[in-house]
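Novice: 3D, please:
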Amino acid sequence: MANHLGNKLNRIIRDIAYTKGELLSQKSVADKAKEQLTLSANEFRSSRAAIRAAEIRLADLQKALTEEMDVSIDDIRAIRRWPKLPTTSYGKVIKELVKLLQAAGEPLTTGAITTYLVAKFEMPVGTNAERVETSSSIRKRLRKLVKKGVVVRYPEETVRDGHSVAYWQWVGPADTSGIPLE
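Specialist: Below is the predicted model of the structure:
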């Protein structure tokens, strides 16, 4: 095919076309970022309102506490509210965890265990905070089983380099009826 415009003009036209494409792409990225910024701003406002309401409630509770007893509010540790799963009754998650570890017969990674339990009980993992909280909840249950001596963690709990994958293996008896799991 013949080049009627010449190389220099063709390069300029091609560069214009690519630049226009980049402009459209960046406008799309900017629009999405603006939407996320709006959502984040709304989430921030509602979070700040909840913080203010909690601080007011805490001040009222501090007054009620000082009327009853001389205890500093700083001496009371915080408990993060994490709702129970509506689909599970008390102890069902840890019982399923025990069944999974017993059936595996070999060490399982924390990720594999978490993935299984999340799917089984429809645990919340929609946001990063939910994923962190769900994963933390499962790891707490695993550590509780380690303390009871029925599960072993590889590598040991003291290895916290951020790179080692944790493996968990059932070493307890096959019959767990005599072991208080919760």
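
Novice: I'd like to know how many residues surround E96.
Specialist: A count of nearby residues for E96, using other C-beta atoms under 10 Å, gives 15. For every residue, glycine as well, the C-beta is placed using N, CA and C.

Novice: Would you check how far apart the nearest residue to it once chain neighbours are set aside and K99 are?
Specialist: In this structure, E96 finds its nearest non-sequential neighbour in K120, 6.1 Å apart by C-beta to C-beta, 6 or more residues apart in numbering. For K120, the distance to K99 equals 10 Å [C-beta to C-beta, to the nearest Å].

Novice: Kindly report the same for G172.
Specialist: Counting by C-beta to C-beta - G172 and K99 are separated by 12 Å.

Novice: which of these two has more neighbours?
Specialist: Comparing G172 with K99 by other C-beta under 10 Å, the one with more neighbours is G172, at 16 against 12.

Novice: check which helix or strand covers that one.
Specialist: Per DSSP states H and E, G172 falls between elements, in no helix or strand.

Novice: Contacts only, for it.
Specialist: 145, 148-151, 179 (C-beta atoms under 8 Å, 6 or more residues apart in numbering).

Novice: Cross the residues you listed against helices and list the overlap.
Specialist: Applying DSSP state H to these, the entries found in helices are L145.

Novice: And the furthest pair within the contacts of G172?
Specialist: V151 and I179 (11.0 Å; C-beta to C-beta).

Novice: With neighbour numbers in mind, choose between those two.
Specialist: Taking neighbours as other C-beta under 10 Å, V151 and I179 compare with V151 leading, 21 against 13.

Novice: average pLDDT for stretch 33-47?
Specialist: Mean pLDDT, stretch 33-47: 91.

Novice: Could you list the low-confidence segments of the chain?
Specialist: 1, 80-90, 156-163, 176-182 (pLDDT under 70).

Novice: how about the helices in it?
Specialist: Using DSSP H, helices in the chain cover 7-68, 92-104, 110-121, 128-147.

Novice: Kindly reformat those helices as CSV containing distance to A78.
Specialist: Below are the helices of the chain laid out as CSV (distance: least, C-beta to C-beta, whole Å):
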stretch, distance to A78
helix 7-68, 10
helix 92-104, 23
helix 110-121, 25
helix 128-147, 14
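
Novice: Show me the one of those helices that comes nearest A166.
Specialist: Here helix 110-121 is closest among the helices of the chain (C-beta to C-beta), at 4.7 Å.

Novice: so the closest one versus helix 92-104, what angle?
Specialist: Using axes from the mean of the first three to the mean of the last three C-alpha atoms, to 10 degrees, the inter-axis angle of helix 110-121 relative to helix 92-104 is 120 degrees.

Novice: so what secondary structure elements neighbour helix 110-121?
Specialist: helix 92-104, helix 128-147, strand 167-170 (3 or more C-beta pairs under 8 Å, 6 or more residues apart in numbering; DSSP states H and E).

Novice: Nothing else from me, thank you.
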